[in-house]
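[1] mind looking at a prediction? Sequence and model below.
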Amino acid sequence: MIRFLKFPGNLSHLKCIILIHALVLLCSFAAQSQTQHRLTGTVIDSLKDVVSGADVFIIADKDTLNTITNTHGRFVFFGFKADRISLLVMSVGFKPFTKTFQYKPGQQNLDLDMIVLDLESNLLNEVVINGRDKPIKVKKDTIEYNASFYQVSENDRVEDLLRQLPGIEVDEHGNATTMGKPLQKLRVNGEDFFTSNVKDFISQLPASVVDKIEIINDYGDEANFTGMKTGEPQKMLNLVTKAGQNKGTFGNALVSGGTNSRYGLQGNGNFWDGSQQIGLSSSSNNTNNEAGVNTTATAGINYRDKLSTGVTASAAYNYSYNKNLSNQINSTETITTDGTIHNESESGSRSSDNNHNINFNLQSIANKSYFQASLGGSLAVKDRDGNIFSKQTGLIRQDLLSQSGSNTKTPNLNGNFVWARSMEKPGRSMSAGIVLSSGINQVQDDLRNKVSYYNQKNDTLIKDSLVNRFVDTENRTNMITADFRYSEPLKAGSDSLIKRNIDFSYFFSMSKTRNSLYTKVDNSTGRTTVVDSLSSIYSSAFMFQRFAVNYRYQAERLNYSLGVTAQPSLLTGQYAGNETKISHFELNISPIVNLSYNLSNWDNVAFVYSGSSTAPDFYQLQPVPNISNLQNVIIGNPNLKSSFTHSGNLSYQHTDEQNGSTLQLALNGSVVEDQVVSNVVLLKDTLNTLKQETHYENANGAYLVGSMYSYSLPFARNKFNAELRGTFDYINMISYTNNDLNTNRNINFSQTLKLRMNQRRLTLASSATYTYSSNRYSIDLLKLRNIETWQFNCSGRAFLDKSFSLSADVSKKINSGYSLAVANPLLINLSLEKILFKNRQGTISLQAFDLLNQGNNLVRSISDNSITDSRYNQITRYFLVSFNYRLQNFAHKKS
């Protein structure tokens with residue numbers, strides 16, 4: 001990121017440094033060479049760890065250029081003509097680095113030796129600089145928060161600090177989001193951190209070691225290296241630690257026990273010495289609900305180290321086990337042209353999962369080349385037993401009693417390779433990559449069903465039908481993707497800060513799926529025989545290509561890419577024993593638009609458009625009846641075409657320099673062509689009653705328009721914060737019923753007001769949220785299906801003395817519009833905690849959850865022409881005693 005340098009008035013010492021270098025340069029030149037130069041380098045500290053986010057300045061003749069080091073400590077300048085330049089590197093906690101360099105006659109590229117920054121020894125000066133800093137800074141792809149402006153109490157974790165930051169939301173489960181998007185990747189000091197799992201480590205790292213928090217629009221390491229940033233970025237969290245706090249050991253051991261057979265054991269330990277990272281974790285927990293005792297267990301190990309300069313290797317293995325027993329009540333309303341079908345059901349299930357995941361990764365970043373290779377594998381084994389009783393009324397009158405057992409095994413293997421190179425000519429680069437994956441999904445189902453048919457008029461029983469089936473399914477999928485990118489710089493104009501490139505790219509993807517389905521029944525001899533009409537072997541392949549060319553413009557405030565893509569796709573399918581081959585070819589042309597404009601140092605507006613093809617799933621193509629649910633048999637359509645989605649996102653972000661308030665606005669929309677939708681038809685059976693069958697068709701008309709806003713205002717030196725945020729979505733959903741088009745106009749609206757107080761000994765947070773959801777089907781316009789919810793929350797934590805703290809969490813929820821009987825629960829949770837030991841690293845706590853025993857878990861889901869309300873039975877009132885010991889030793893000093 002290069003831009004003209006603008007100094008605040010209070011950095012007079014920095015002005016003097018640059019002015020001296022400018023005078024030296026002016027005196028030493030009589031004429032300038034017309035050769036355009038390129039300058040690259042890497043910034044590290046005395047421990048040989050990279051320094052990300054450092055400010056780098058060069059004075060080249062009359063121009064002063066500025067950039068920041070990327071997450072790998074790299075910086076690059078190009079397009080300037082001066083043969084003699086002066087370099088200045090600055091970063092918080094380090095002494096400034098200054099040096100002058102001279103290009104040889106005819107020399108175009110200059111790659112500097114490692115620039116080593118020394119720690120700042122004058123701590124008083126560091127405090128003075130921090131006092132003049134701002135709580136928030138907006139950089140090109142980064143928002144930076146200064147942690148010293150926010151309240152950090154003893155034993156606070158990073159997640160507690162994040163909750164205070166304007167524009168960042170951390171929910172009760174530790175999931176962090178910004179602009180409505182999740183923080184998907186974690187780095188510390190610009191380096192990948194252990195597993196890079198945000199949720200895991202913001203709950204472990206102490207907030208006291210953090211100096212800066214950066215929210216980065218991340219396009220990936222390959223894009224950061226080549227400069228070819230396309231598509232919509234993911235949100236990345238980068239923590240910049242205080243000087244000397246870039247190594248240590250941290251972890252915790254937790255033991256808990258409570259009522260209703262509840263207990264927990266958890267332990268993790270992490271060794272962090274700059275680039276070398278070793279982590280171990282394990283846990284075992286028992287919970288209880290009305291269905292029985294649930295057990296979860298996890299274990300993991302991860303390792304990361306720098307093998308040599310620029311070369312990093314990592315490996316990780318994780319195992320999880322989950323035994324779950326659950327009871328569920330569903331109420332489903334299905335809309336058809338002939339009438340409405342109501343389905344009331346109760347179900348119980350018992351499942352056990354075993355999951356293994358392992359991966360290896362090697363990455364090399366040199367001055368002009370980038371390389372990354374990884375290999376990963378997983379194995380999931382699941383056993384499940386369940387039973388369900390459902391009662392259909394309305395247009396169809398049936399009862400279904402079903403018992404089932406299944407065993408699923410899913411092994412997967414994947415690997416990828418990425419290579420990129422920056423060429424001799426400044427701005428010229430190329431990259432290539434390939435990804436291979438192979439997976440198998442094997443399922444064995446034992447289905448035992450009893451269907452009772454009733455007379456529609458007088459509700460008398462007509463017939464009972466017993467249907468037992470054994471269904472073996474195997475789905476094999478192999479996929480290969482490859483891509484190539486090339487960027488050519490265009491001739492520079494008079495402004496050396498403006499860069500122009502033409503980017504070419506090609507992407508190829510091929511996936512092959514082979515699905516075998518065998519349905520068996522017991523015959524009179526006690527042996528099983530295959531039912532040919534319910535069995536098949538079906539193979540499909542989806543080939544997708546994307547050719548793209550775009551013009552890329554980069555300046556201090558304006559960055560954009562404009563171009564066009566051609567996306568041909570081919571979907572083929574064939575049955576075993578049938579020579580007829582199904583083939584569908586499509587060509588989609590769509591634009592490339594990616595724009596980011598800094599209206600000022602505190603305002604940014606961005607727009608991204610993307611277009612993508614999606615192939616139908618194998619079960620949507622499989623023409624053989626799927627009888628896992630006898631009240632709704634599914635039959636695929638082999639003539640389906642792939643769908644194409646147009647999507648766009650417009651966002652605006654403003655930060656007030658004076659009070660630190662933030663305003664975030666976003667508008668997004670999408671349109672789907674040839675969307676795969678269901679067609680639910682009603683057919684007469686042998687008893688002259690109706691039965692449902694679901695088929696699939698392609699249809700146009702599905703679209704979405706959504707918006708969100710968030711305004712956050714801190715005041716009284718960030719001790720208080722008020723936030724107002726909301727969302728609005730209008731979704732036009734498409735389906736068919738009895739071959740007639742049915743649209744569902746779905747409106748979702750939410751509004752939240754939050755207030756928070758952050759004091760050393762007292763924190764309080766309160767919120768009020770209103771949500772509204774409306775569904776209106778075109779075939780049943782007279783009936784609105786709306787739900788409304790009011791939710792009020794208040795939570796707080798008070799330090800009674802140096803070792804005791806009391807926490808409380810109270811919420812009230814008011815529901816209306818659900819088809820199930822639902823209460824309006826008042827939930828009260830309390831916790832009393834005492835800090836133990838001289839080093840204050842141990843705590844013991846007594847927690848009480850849902851004191852009034854009013855909790856319920858209610859969810860609404862919408863699928864085509866059906867609306868389902870579900871409630872899960874759970875024991876929400878329980879008491880828990882926990883002992884926790886935290887180990888944290890950073891830079892050889894216990895914090």
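    Arrived safely, thanks for sending.
[2] for the rest of this, base every contact and every neighbour count on C-alpha atoms.
    OK.
[3] tell me how far stretch 846-853 is from the chain's mean position?
    Relative to its parent chain, stretch 846-853 has a centroid offset of 32 Å by Cα atoms, centre = their mean, to the nearest Å.
[4] can I get it in PDB, CA atoms only?
    The C-alpha coordinates for stretch 846-853 follow below in PDB (Å, rounded to 0.1, in the frame of the first residue of the first chain):
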ATOM      1  CA  LEU A 846     -20.100 -21.200  41.600                       C
ATOM      2  CA  GLN A 847     -22.600 -20.800  38.700                       C
ATOM      3  CA  ALA A 848     -26.400 -21.000  38.600                       C
ATOM      4  CA  PHE A 849     -28.200 -21.200  35.200                       C
ATOM      5  CA  ASP A 850     -31.900 -20.500  34.500                       C
ATOM      6  CA  LEU A 851     -32.900 -20.100  38.100                       C
ATOM      7  CA  LEU A 852     -36.600 -20.000  37.200                       C
ATOM      8  CA  ASN A 853     -36.400 -23.000  34.900                       C
END
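[5] can you give the contact residues for that stretch?
    Here stretch 846-853 makes contact (Cα atoms under 8 Å, 6 or more residues apart in numbering) with 826-833, 876-882.
[6] ok, 7 Å please
    827-833, 876-882 (Cα atoms under 7 Å, 6 or more residues apart in numbering).
[7] mind listing what's buried in that stretch?
    846, 847, 848, 849, 850, 851 (16 or more other Cα atoms under 10 Å).
[8] do stretch 672-692 as well
    Neighbour counts over stretch 672-692 (16+ other Cα under 10 Å) mark 672-682, 689-692 as buried.
[9] what strand or helix carries the nearest residue to residue 413 once chain neighbours are set aside?
    Among residues not flanking residue 413 along the chain, residue 377 sits closest, at 4.4 Å (Cα to Cα, 6 or more residues apart in numbering). Element membership for residue 377 (DSSP states H and E) is strand 369-394.
[10] angle of the very next helix or strand once past that strand against strand 369-394?
    As assigned by DSSP H and E, the chain's next helix or strand after strand 369-394 is strand 398-422. Angle, strand 398-422 to strand 369-394, by axes from the mean of the first three to the mean of the last three Cα atoms, to 10 degrees: 170 degrees.
[11] check which helices and strands strand 398-422 sits against.
    The contact analysis (3 or more Cα pairs under 7 Å, 6 or more residues apart in numbering; DSSP states H and E) places strand 398-422 against strand 369-394, strand 429-454.
[12] which helix or strand lies directly C-terminal to the helix or strand containing residue 469?
    Element membership for residue 469, per DSSP H and E: strand 461-489. Once strand 461-489 ends, the next helix or strand along the chain (criterion: DSSP H and E) is strand 499-522.
[13] next one: that next one to chain centre, how far?
    With Cα atoms, centre = their mean, you get 22 Å for strand 499-522.
[14] quick check: which element contains residue 253?
    Going by DSSP H and E, residue 253 is in strand 247-258.
[15] I meant residue 628, not that one.
    Counting by DSSP H and E, residue 628 is part of no helix or strand.
[16] quick check: it vs residue 173, distance?
    Distance of residue 628 to residue 173, given as Cα to Cα, to the nearest Å: 34 Å.
[17] so which of the two has more stuff around it?
    Counted by other Cα atoms under 10 Å, residue 628 and residue 173 do not tie: residue 628 has more neighbours, with 18 against 7.
[18] apart from its chain neighbours, what residue comes closest to that one?
    Counting by Cα to Cα, 6+ apart, residue 447 is the residue found nearest to residue 628 once chain neighbours are left out, at 7.1 Å.
[19] what distance do you get for that neighbour to residue 286?
    For residue 447, the distance to residue 286 equals 30 Å [Cα to Cα].
[20] before we move on, what about residue 61?
    69 Å.
[21] with residue 146 instead?
    40 Å.
[22] repeat for residue 707
    Distance from residue 707 to residue 286, by Cα to Cα: 41 Å.
[23] the stretch 551-700 of the chain: strands as residue ranges?
    Per DSSP state E, counting those that start in this stretch, the stretch 551-700 of the chain carries strands over the ranges 558-575, 581-600, 603-614, 632-634, 643-655, 662-673, 675-684, 690-699.
[24] right, and these - which one's nearest residue 506?
    Proximity to residue 506 (Cα to Cα) singles out strand 558-575 among the strands of the stretch 551-700 of the chain, at 9.5 Å.
[25] just how off-centre is that closest one within its chain?
    Using Cα atoms, centre = their mean, the offset of strand 558-575 from its chain centre is 24 Å.
[26] pLDDT on it, on average?
    Mean pLDDT, strand 558-575: 90.
[27] for it, name the packing helices and strands.
    strand 536-554, strand 581-600.
[28] could these go into a markdown table alongside mean pLDDT?
    Converted to a markdown table, these look like this (pLDDT from 0 to 100):
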| stretch | mean pLDDT |
| --- | --- |
| strand 536-554 | 90 |
| strand 581-600 | 89 |
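[29] of those, flag the one that's most buried.
    For the helices and strands packed on strand 558-575, average neighbour numbers computed from mean count of other Cα atoms under 10 Å are highest in strand 536-554, which has a mean of 20.
[30] returning to what we had before: quick one, the strand holding residue 377 and strand 429-454 angle?
    Using the same axes, to 10 degrees: strand 369-394 against strand 429-454 is 10 degrees.
[31] can you give me the buried ones in strand 369-394?
    369-393.
[32] same question for stretch 771-789.
    Buried-residue list, stretch 771-789, by 16+ other Cα under 10 Å: 771-780, 786-789.
[33] can you dump the C-alpha coordinates of stretch 828-843 into PDB?
    The C-alpha coordinates for stretch 828-843 follow below in PDB (Å, rounded to 0.1, in the frame of the first residue of the first chain):
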ATOM      1  CA  ILE A 828     -31.500 -15.600  35.200                       C
ATOM      2  CA  ASN A 829     -27.900 -16.700  35.400                       C
ATOM      3  CA  LEU A 830     -25.600 -15.900  38.400                       C
ATOM      4  CA  SER A 831     -21.900 -16.600  39.100                       C
ATOM      5  CA  LEU A 832     -19.700 -15.900  42.000                       C
ATOM      6  CA  GLU A 833     -15.900 -16.200  41.400                       C
ATOM      7  CA  LYS A 834     -12.900 -16.100  43.800                       C
ATOM      8  CA  ILE A 835      -9.300 -15.600  42.700                       C
ATOM      9  CA  LEU A 836      -6.800 -18.000  44.400                       C
ATOM     10  CA  PHE A 837      -3.100 -18.300  45.000                       C
ATOM     11  CA  LYS A 838      -0.400 -15.700  45.400                       C
ATOM     12  CA  ASN A 839       0.100 -15.500  41.700                       C
ATOM     13  CA  ARG A 840      -3.700 -15.000  41.200                       C
ATOM     14  CA  GLN A 841      -3.800 -17.500  38.400                       C
ATOM     15  CA  GLY A 842      -6.400 -19.800  39.900                       C
ATOM     16  CA  THR A 843     -10.100 -19.200  40.200                       C
END
